[in-house]
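[1] turn this into a model:
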Amino acid sequence: MGASPDSEAPGRPLETVRADGPTARGAPSGSTPGNGALEAGMEATRPATVDALIDPAGAPAPSAPPTTDPTAELPPAAPWRPCGGLPDPVDLSDLLEPFARRGIDLDLSRMERALAEGGHPERRFLALHVAGTNGKGSIATFLHAILRAAGLRCGVYRSPHLVSWCERIQLNDSWIAPATLRADLARWRPIAAAHNLTPFELFTAAAFERFARADLDLTVLEVGLGGRLDATTAHPQRPVVGFGAIGLDHCEHLGHDLGSIAREKAGVLTADCLAFSAPQRPEAAAMLEAEARRQGAELRWVEPLAGPEAGGPELGLAGLMQRSNGAVAVAMARALAERAWPRPEAPLNEAAILAGLAAARWPGRLETRHFRGVPLLLDGAHNPPAAGVLRQELDRQGSRARLWLLGIQRHKDGATMLRALLGPADRALIVPIPDHHAWSVEELAAACPELADRLTPAQDLEAGLRQLTGAATGGTDRDQALPVVAGSLYVLGGVIPLLDPLQAAAPAHTAAPIVLGES
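    As a prediction, this is how the structure comes out:
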C-alpha cells in the first residue's frame with residue numbers, strides 16, 4: 001500500500017530519470033511520449049518478437065513432465081475473465097519445511113546454482129518484475145489483469161498467500177492445480193536439498209519450471225523480500241520493472257534506514273531495463289535514482305491515476321493508494337508495448353487497460369466482506385507504513401469510532417502500528433495469530449500505555465469476529481463505522497475462510513482514456 005494525492009494533470013507526459021539525469025525526484029530530466037493514442041505512440045518502437053529476450057532453445061527440465069499437465073489444457077485463445085475467489089487450501093508439509101524453521105536467509109548464488117542444475121527454466125520465459133515494501137501485490141494484480149484483457153497468455157507469481165499455496169502461481173485465469181504443484185515441488189526437492197535452498201527458493205524454482213512449461217507469453221513476478229538477493233531476481237530477462245511504495249519493514253534483513261532498504265529493492269534493476277515508480281519519500285527516491293544510474297537502467301516517475309470524479313478510470317481494488325499502484329501497472333504495460341510486446345497482431349489498447357484496471361481483484365486490500373451478514377473491512381496492513389496509509393483511507397470515510405480485530409507478528413513494530421491505526425475513539429481486540437508469534441494484549445498495553453484501556457484480548461479469530469461484528473449479541477453499534485480486520489496477512493488468511501461466501505459481481509468499466517501526470 002502506498003498513498004499519494006490524485007493527479008489532476010491530464011495529457012502531460014511521463015517524466016524520465018535516465019542514467020545521466022539529476023538525483024532530485026521532483027526535477028528529473030527528459031521525457032518520453034506515451035500518453036496519446038497507444039497505437040500511434042508505440043507501434044514505431046515495438047519489436048516484431050521477443051525471441052532475443054528468451055533462450056529460444058531452452059534446456060531440459062529436471063525430469064520428465066507429468067503425464068497430465070493441466071496447463072496444457074488451457075485453450076490458446078481462451079476468453080479472458082478475472083480469476084474468481086481463492087483456491088482451496090493444500091497441505092504441503094511433506095514437501096516444504098516450515099518457513100520459520102530456516103528463517104530468512106538471503107543468498108542468490110545457491111538459487112542460481114540450483115536453477116543451472118535444473119535445466120535453467122528461468123531462461124525459457126519472459127518476465128516483468130515488481131518490487132517494493134507495500135503495494136507490489138496490487139501492482140502485479142493490475143498488470144496481470146491488463147495483459148490478460150489485451151489477449152496475452154500471462155502468469156503471475158505472488159507471495160505470501162492468504163489461504164492456499166496455490167494462490168502463489170496463477171496461469172492465465174486459473175490457479176495451479178494442487179496435484180501439479182505437488183509434482184513440481186517433488187521434482188525439485190532433490191536439487192533443493194543438494195544446494196541447501198530455503199523453502200521459498202524451492203517454491204520459486206518449481207514456479208519457474210511451471211511457467212516455462214506453460215504456454216505463456218510472459219509472467220509477472222512479485223518480489224518476495226527485498227530484491228537484490230530475492231529468489232525471483234535469479235530470472236535473467238526482466239526488461240520492465242515496477243516499484244511499489246518503499247518504507248521501513250524487515251529492517252533486520254534489509255537495513256535500518258530508508259536509503260538502505262531502497263538500495264536492496266533497487267537491486268532488481270538491470271542494465272537497459274525500464275523501471276517505473278510512483279512518488280517515493282525523498283530518501284528512497286534518491287537511492288532509486290542513484291542505483292538506476294549505476295546499473296545503466298532507465299527510471300521513470302509516474303503520478304497516481306486521476307480519480308473517477310476527475311475523469312479517471314474505475315479500479316477493481318479500493319482505496320486512494322491503488323491510484324498509485326494502478327499507474328505503475330499501466331506504465332509497465334505500455335513499456336512492454338514499447339519494448340517487447342509478444343503479440344504484435346494484438347497490440348495493447350486503451351480498452352484493455354481500462355478493462356484490466358476495472359476487473360482486477362485481490363482479497364484483503366480495503367475489501368468489504370461479511371461475517372454472519374454483518375459487513376466489515378479487511379486490509380493487509382502489516383507494517384508501519386501500510387498502517388499509516390490505512391488510517392488515512394479510513395479518515396477519508398469519516399471520523400466515527402471503529403472497532404478493530406488486530407493480530408500483529410512479534411517481529412513487527414507493534415507499538416508504532418497500533419498508534420498509527422487507532423483513531424481517537426477506536427478500540428481494538430488483540431488476537432493471537434495461528435502458528436506465529438504475535439504481540440499479546442499485555443505487551444501492547446505496556447508499549448502503548450496511553451491506549452491500554454482501549455485494548456481487549458480475543459481468544460481466537462472466530463471469537464474475535466463474533467465480538468467485532470456484534471453477532472454474539474444480535475447487533476452492532478450504529479454509531480460506529482465498519483469494523484476492521486488488519487495487522488497481518490496471516491490474520492486475514494485465517495479469517496477469510498470464516499466469512500460469508502463472496503457474491504459474484506460484474507466489474508465496472510469506463511470509456512475515458514488513461515493519462516499519467518508528470519512528477
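
[2] got a list of contacts for the helix or strand that residue 221 is a member of?
    Element membership for residue 221 (DSSP states H and E) is strand 218-222. Contacts to strand 218-222, defined as Cβ atoms under 8 Å, 6 or more residues apart in numbering, come from residues 50, 125-130, 136-137, 140, 143-144, 147, 152, 154-159, 211, 232, 235, 238, 336, 342. Any C-beta I mention is one placed from the backbone N, CA and C, and that applies to glycine too.

[3] swap in stretch 92-107?
    Contacts of stretch 92-107 (Cβ under 8 Å, 6+ apart): 165, 181-182, 185-186, 189, 198-200, 202-203, 225-226, 229-230, 250, 253, 436.

[4] returning to what we had before: mind checking which of the contacts of strand 218-222 land in helices?
    136-137, 140, 143-144, 147, 211, 336 (DSSP state H).

[5] now the two most distant members of those.
    The largest separation in the ones in helices among the contacts of strand 218-222, counting by Cβ to Cβ, is between 137 and 336 at 19.1 Å.

[6] drop anything exposed from the contacts of stretch 92-107.
    By neighbour count, with 16 or more other Cβ atoms under 10 Å, the contacts of stretch 92-107 hold 165, 181-182, 185, 189, 198-200, 202-203, 225-226, 229-230, 250, 436 as buried.

[7] tell me which of those has the lowest pLDDT.
    For those, the weakest pLDDT value sits at residue 250, with 67.

[8] give me the low-pLDDT residue ranges for the stretch 151-300 of the chain?
    249-251, 253, 255 (pLDDT under 70).

[9] rerun at 50
    Along the stretch 151-300 of the chain, segments meeting pLDDT under 50 are nowhere present.

[10] hey, where'd the helices end up in it?
    Counting by DSSP state H, counting those that start in this stretch, the stretch 151-300 of the chain has helices at residues 178-194, 199-213, 251-254, 258-265, 282-295.

[11] among those, which is the most enclosed?
    Mean neighbour count (mean count of other Cβ atoms under 10 Å) peaks for helix 199-213 among the helices of the stretch 151-300 of the chain, with a mean of 25.

[12] from the contact counts, what lies against that helix?
    Identification of packing neighbours for helix 199-213 by 3 or more Cβ pairs under 8 Å, 6 or more residues apart in numbering; DSSP states H and E yields helix 99-102, helix 108-117, strand 154-157, strand 169-171, helix 178-194.

[13] and the longest one with helix 108-117, angle?
    This points to helix 178-194. With axes from the mean of the first three to the mean of the last three Cα atoms, to 10 degrees applied, the angle from helix 178-194 to helix 108-117 works out at 110 degrees.

[14] now helix 178-194, how far from the chain's geometric center?
    Distance of helix 178-194 from the chain centroid (Cα atoms, centre = their mean, to the nearest Å) equals 25 Å.

[15] residue 117 contacts residue 193, doesn't it?
    No. Between residue 117 and residue 193 there is no contact under Cβ atoms under 8 Å: 11.4 Å.

[16] would you list the helices and strands packed on helix 199-213 in a markdown table and tack on distance to residue 499?
    A markdown table is the format used below for the helices and strands packed on helix 199-213 (distance: least, Cβ to Cβ, whole Å):
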| stretch | distance to residue 499 |
| --- | --- |
| helix 99-102 | 25 |
| helix 108-117 | 37 |
| strand 154-157 | 24 |
| strand 169-171 | 22 |
| helix 178-194 | 22 |
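
[17] mind checking which of the ones you listed is nearest residue 88?
    Nearest of those (Cβ to Cβ): helix 178-194, 7.6 Å.

[18] and that closest one, what does it pack onto?
    Using 3+ Cβ pairs under 8 Å, 6+ apart: helix 178-194 touches helix 108-117, helix 199-213.

[19] distance of the closest residue to residue 425 other than its chain neighbours relative to residue 415?
    Excluding the flanking residues, the one nearest residue 425 by Cβ to Cβ, 6 or more residues apart in numbering is residue 401, at 3.8 Å. The gap separating residue 401 from residue 415 is 21 Å, by Cβ to Cβ, to the nearest Å.

[20] got it, and residue 215?
    50 Å.

[21] more neighbours: which of those two?
    When residue 215 and residue 415 are compared for neighbours, residue 415 comes out ahead with 17 against 12, by other Cβ atoms under 10 Å.

[22] any idea which element that one lies in?
    With elements taken from DSSP H and E, the one containing residue 415 is helix 414-421.

[23] still on that earlier bit, let's have the ones in helices among the contacts of strand 218-222 in CSV, adding distance to residue 314.
    CSV is the format used below for these (distance: Cβ to Cβ, whole Å):
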residue, distance to residue 314
136, 22
137, 20
140, 19
143, 17
144, 17
147, 18
211, 30
336, 23
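
[24] from those, which is closest to residue 274?
    residue 336 (9.0 Å).

[25] of all the helices and strands packed on helix 178-194, which lies closest to residue 425?
    Short answer: helix 199-213, nearest of the helices and strands packed on helix 178-194 by Cβ to Cβ, at 40.9 Å.

[26] return the distance of the closest one from the chain's centre.
    Worked out by Cα atoms, centre = their mean, helix 199-213 lies 18 Å from the chain centre.

[27] alpha carbons only: can I get it in PDB?
    The C-alpha trace of helix 199-213 is given here as PDB (Å, rounded to 0.1, in the frame of the first residue of the first chain):
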ATOM      1  CA  PRO A 199      11.600 -23.200   1.300                       C
ATOM      2  CA  PHE A 200      10.900 -20.000  -0.600                       C
ATOM      3  CA  GLU A 201      13.700 -20.700  -3.000                       C
ATOM      4  CA  LEU A 202      12.500 -24.200  -3.600                       C
ATOM      5  CA  PHE A 203       9.000 -22.900  -4.300                       C
ATOM      6  CA  THR A 204      10.300 -20.300  -6.700                       C
ATOM      7  CA  ALA A 205      12.400 -22.800  -8.600                       C
ATOM      8  CA  ALA A 206       9.400 -25.000  -9.000                       C
ATOM      9  CA  ALA A 207       7.300 -22.000 -10.100                       C
ATOM     10  CA  PHE A 208       9.900 -21.000 -12.700                       C
ATOM     11  CA  GLU A 209       9.700 -24.500 -14.200                       C
ATOM     12  CA  ARG A 210       5.900 -24.400 -14.300                       C
ATOM     13  CA  PHE A 211       5.900 -21.000 -16.000                       C
ATOM     14  CA  ALA A 212       8.400 -22.300 -18.500                       C
ATOM     15  CA  ARG A 213       6.300 -25.400 -19.300                       C
END
